[in-house]
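K.L.:
Here is my input; please provide its structure:
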Amino acid sequence: ILSTITAPLEPAFADHLMPRQFAVGVNGGISIMVHGIRLMLEMRGDFVVVRIDLKNAYNSIRRAKLLERIAAVPGVNALTPLLLALLGPKGLLVLPDGSRLYEGEGREDSEEGLGQGIPFASGAFCVAIAPEVEALHAELAASGGGAWFLMDDGYAVGPAGAVFGAVRRFAEAVSRELDLQLQFHKCTCFSHDVELQDLPERIEAGIEMGGEYERVSSACDQDQAYAFLSDEAQQQECEAAGPRRFFRGIMVGGVPVGEDAFIKSKLEGIGRRFVSYSQTTVSQLRSVTPHGLWSALYYCVQHRIDHWLMHLPPDFTTQLALTADVAMQRAVESLTYSGLLDDHLVAERVELPARMRGCGIRSRRDLANAAFCGCFRTAAERFIDVNDGEGVVRGCFPQLERLFGAGSFDLDAQDRRLTEFLTRYDTVTTNAFSGAWWAMQRDVSEHETEGPLTDDAETCRASRHLQRDLTRQREYAKFLRLNQDLTELPQEDERRQA
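P.N.:
Reported below is the predicted structural model:
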């Protein structure tokens, strides 16, 4: 019931919260934020990003102020009667006879905060902290930076001389107005060029440097690949092994942003968890319900690393994708026979979608280029102000306008789009996008296909499902190549069947 009531109000939430907060009513909001912040740090190596951590925010926020701010927002204030009924002046649960449902110190109702799983909770929370978020952003925008939030997790970006002080003032404001406490010891920071270790502003604020320590396993030779901290036992082993390097970085929306070694460390951990998850799925379902196992592999398991393929350049995710592909190949063979996928024709057939007479277990290595390009191109459309023919849609990262050029994504700017960004700048992102787009165009060059890859990288069009459109065009070209290879086999070859 609450979901049905809240859903029609999502556009009103988005109108009020954008372009600072992405949690409610914003398609691809997390992608806009991740790619935007990553580009900000690429563009300004002297900038620092601080990851903000609020303590138990949903359960601690002052209800009276939350209700007051909800009631003041047109459109969103339609929720006010419902919120008053559910939360009340103190949000206590009262029976029809006026008595309390729960009494005493151990009661299970609450006087402040709101449950994080309630459908309206995220929108209400974001509206409640919006004034403080806007003030933080305005202070940093004066020096070219800004602030962006999902829900209770936010990121402040700007010069070192401004960002730490701005975060402290934000902490004072949310404490004073909303009873929220910022945990400085759990906040982390990162910068490509600024030396943060001895920076007075960081030390005074009590904000930790984001990153991980390298661990040299006693079981490994010094020349072998490094392992990384994962638990207390490994940390003790690491300390016994001697000095370690510190790899700097932070997580933005679950995506590692920082030094190459930091990103590699995080992705290695993600790869190990993927392998473990796939092996557990196979072991628990194979003997009980093979058909259920196939459904789990198809609908659940294979997609678990797609978030990182979408938000990191393919060069970073190559090893992760290969790890996932090997794990999925073993899972498929557990339902058939060992060595099934050693034949490249069979392997390619398995990777094709069912509509092309395949099995739909896509290679994540093949998908990486489409995932990154599709996600970044769609997000880029929201970075700067865009005239869509019906008016101007505010950009979420106007600081990036000099990279793309004002009006590059306007309705009448079809010949511009990414042209200035890709031709004038030499960055990790520009090189990754151009290289991935060229590689995908090469994939379809042998056959006539229709789709986004008929455009050059500089003028490619955005669409709501660009990754899907890229994948379909490439898969059709792959289908044509595979069909040609199969028809050239001897008539009696069983691979020609079905």
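
K.L.:
need the helix or strand of this structure with the lowest average pLDDT.
P.N.:
The weakest-scoring helix or strand in the chain, judged by mean pLDDT, DSSP states H and E, is strand 227-228 (a mean of 39).

K.L.:
residues contacting the closest residue to residue 384 other than its chain neighbours?
P.N.:
Leaving aside its sequence neighbours, residue 384 sits nearest to residue 395 (CB to CB, 6 or more residues apart in numbering; 3.9 Å). (Glycine included, C-beta is placed from N, CA and C.) Residue 395 is in contact with 19, 382-386, 401, counting by CB atoms under 8 Å, 6 or more residues apart in numbering.

K.L.:
Determine the three-state secondary structure at residue 395.
P.N.:
Recorded secondary structure, residue 395: coil (DSSP: H, G, I helix; E, B strand; the rest coil).

K.L.:
Local confidence estimate at residue 411?
P.N.:
Turning to residue 411, the model gives it a pLDDT of 87.

K.L.:
Ok, the one 10 residues further on next?
P.N.:
As predicted, residue 421 sits at a pLDDT of 96.

K.L.:
Same question for residue 492.
P.N.:
At residue 492, the pLDDT value in this model is 86.

K.L.:
and it, what helix or strand is that in?
P.N.:
Per DSSP states H and E, residue 492 falls between elements, in no helix or strand.

K.L.:
again with residue 248
P.N.:
Applying DSSP H and E as the criterion places residue 248 in strand 246-252.

K.L.:
Strand partners (parallel or antiparallel) of that strand?
P.N.:
Partners of strand 246-252 in the sheet, by DSSP bridges, are strand 211-215 (antiparallel), strand 255-258 (antiparallel).

K.L.:
Skip ahead from the shortest one and say which helix or strand is next.
P.N.:
The first helix or strand that comes after strand 255-258 along the chain, using DSSP H and E, is helix 260-285.

K.L.:
So what's the gap between that following helix and the chain middle?
P.N.:
Centroid separation for helix 260-285 versus its chain: 17 Å, with CA atoms, centre = their mean, to the nearest Å.

K.L.:
which strands and helices sit next to that helix?
P.N.:
strand 211-215, strand 227-228, strand 246-252, strand 255-258, helix 290-299, helix 314-335 (3 or more CB pairs under 8 Å, 6 or more residues apart in numbering; DSSP states H and E).

K.L.:
Mind telling me which of these the model trusts least?
P.N.:
Across the helices and strands packed on helix 260-285, strand 227-228 gives the lowest mean pLDDT, at a mean of 39.

K.L.:
Enumerate every residue touching residue 11.
P.N.:
25, 75.

K.L.:
how does it look with 10 Å?
P.N.:
24-25, 75 (CB atoms under 10 Å, 6 or more residues apart in numbering).

K.L.:
Just say helix, strand or coil for it.
P.N.:
Residue 11 is classified as helix under three-state DSSP.

K.L.:
Give me the pLDDT for it.
P.N.:
Listed pLDDT for residue 11 reads 92.

K.L.:
Then residue 236?
P.N.:
59.

K.L.:
How about residue 64?
P.N.:
Note on residue 64: pLDDT of 88.

K.L.:
could you say what helices and strands the helix or strand harbouring it packs with?
P.N.:
Using DSSP H and E, residue 64 sits in helix 63-71. Secondary-structure packing of helix 63-71 (3 or more CB pairs under 10 Å, 6 or more residues apart in numbering; DSSP states H and E): helix 80-87, helix 121-141, helix 160-178.

K.L.:
Buried ones in the first one, by neighbour count?
P.N.:
Okay, so that is helix 80-87. Judged by neighbour count using 16 or more other CB atoms under 10 Å, the buried positions of helix 80-87 are 83, 87.

K.L.:
Could you tell me the angle between that helix and helix 121-141?
P.N.:
Computed by axes from the mean of the first three to the mean of the last three CA atoms, to 10 degrees, the angle separating helix 80-87 from helix 121-141 equals 110 degrees.

K.L.:
Low-confidence stretches in this protein?
P.N.:
Where the chain drops to pLDDT under 70, the residues are 88-111, 215-243, 498.

K.L.:
50 instead?
P.N.:
Applying pLDDT under 50 to the chain flags the ranges 91, 106-109, 218-231.

K.L.:
Identify those among the contacts of residue 395 that sit within strands.
P.N.:
Using DSSP state E, residue 386 are the members of the contacts of residue 395 that sit in strands.

K.L.:
now the contacts of residue 395: which count as buried?
P.N.:
19, 382-386.

K.L.:
JSON lines for the residues you listed, including distance to residue 196?
P.N.:
Output for the buried ones among the contacts of residue 395, formatted as JSON lines (distance: CB to CB, whole Å):
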{"residue": "19", "distance to residue 196": "28"}
{"residue": "382", "distance to residue 196": "30"}
{"residue": "383", "distance to residue 196": "26"}
{"residue": "384", "distance to residue 196": "29"}
{"residue": "385", "distance to residue 196": "33"}
{"residue": "386", "distance to residue 196": "35"}
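
K.L.:
Export the contacts of residue 11 to TSV and append columns for secondary structure.
P.N.:
Below are these laid out as TSV (three-state DSSP):
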residue	secondary structure
24	coil
25	coil
75	coil
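
K.L.:
Of these, which is the most crowded?
P.N.:
Counting neighbours by other CB atoms under 10 Å, residue 24 comes out on top of those with 26 neighbours.

K.L.:
my guess is it meets residue 130, correct?
P.N.:
No. Counting by CB atoms under 10 Å, residue 130 is not a contact partner of residue 24; they are 11.2 Å apart.

K.L.:
list the residues that contact both of those two?
P.N.:
Residues within reach of residue 24 and of residue 130 at once, by CB under 10 Å, 6+ apart, are 16-17.

K.L.:
Quickly note the distance from the residue nearest the centre of the chain to residue 290.
P.N.:
In the chain, the centroid-proximal residue (CA atoms, centre = their mean) is residue 253; its distance is 4.7 Å. Distance, residue 253 to residue 290, by CB to CB, to the nearest Å: 36 Å.

K.L.:
Could you measure from residue 205 over to residue 146?
P.N.:
18 Å.

K.L.:
now do residue 285
P.N.:
47 Å.

K.L.:
With residue 59 instead?
P.N.:
28 Å.

K.L.:
So for the two, which residue has more residues nearby?
P.N.:
Ranked by neighbour count (other CB under 10 Å), residue 59 and residue 146 place residue 146 first, with 25 against 12.

K.L.:
For residue 444, give its distance to residue 21.
P.N.:
According to CB to CB, residue 444 and residue 21 sit 39 Å apart.

K.L.:
Quick one: residues contacting the residue nearest to residue 75 when sequence neighbours are not counted.
P.N.:
Leaving aside its sequence neighbours, residue 75 sits nearest to residue 12 (CB to CB, 6+ apart; 3.0 Å). Each residue near residue 12 by CB under 10 Å, 6+ apart is listed here: 24-25, 73-79, 123, 127.

K.L.:
gap between residue 12 and residue 78?
P.N.:
8 Å.

K.L.:
So what's the residue count around residue 128?
P.N.:
Using other CB under 10 Å: residue 128 sits among 24 other residues.

K.L.:
got a list of what the residue nearest to it when sequence neighbours are not counted touches?
P.N.:
If the residues on either side of it in the chain are set aside, residue 128 comes closest to residue 66, at 4.2 Å by CB to CB, 6+ apart. Each residue near residue 66 by CB under 10 Å, 6+ apart is listed here: 83, 87, 112-114, 124-125, 127-129, 178.

K.L.:
ok, the longest strand anywhere in the chain: who's next to it in the sheet?
P.N.:
The longest strand of the chain (DSSP E) is strand 47-55. Strand 47-55 has the following strand partners under DSSP bridges: strand 153-159 (antiparallel), strand 181-182 (antiparallel), strand 188-190 (antiparallel).
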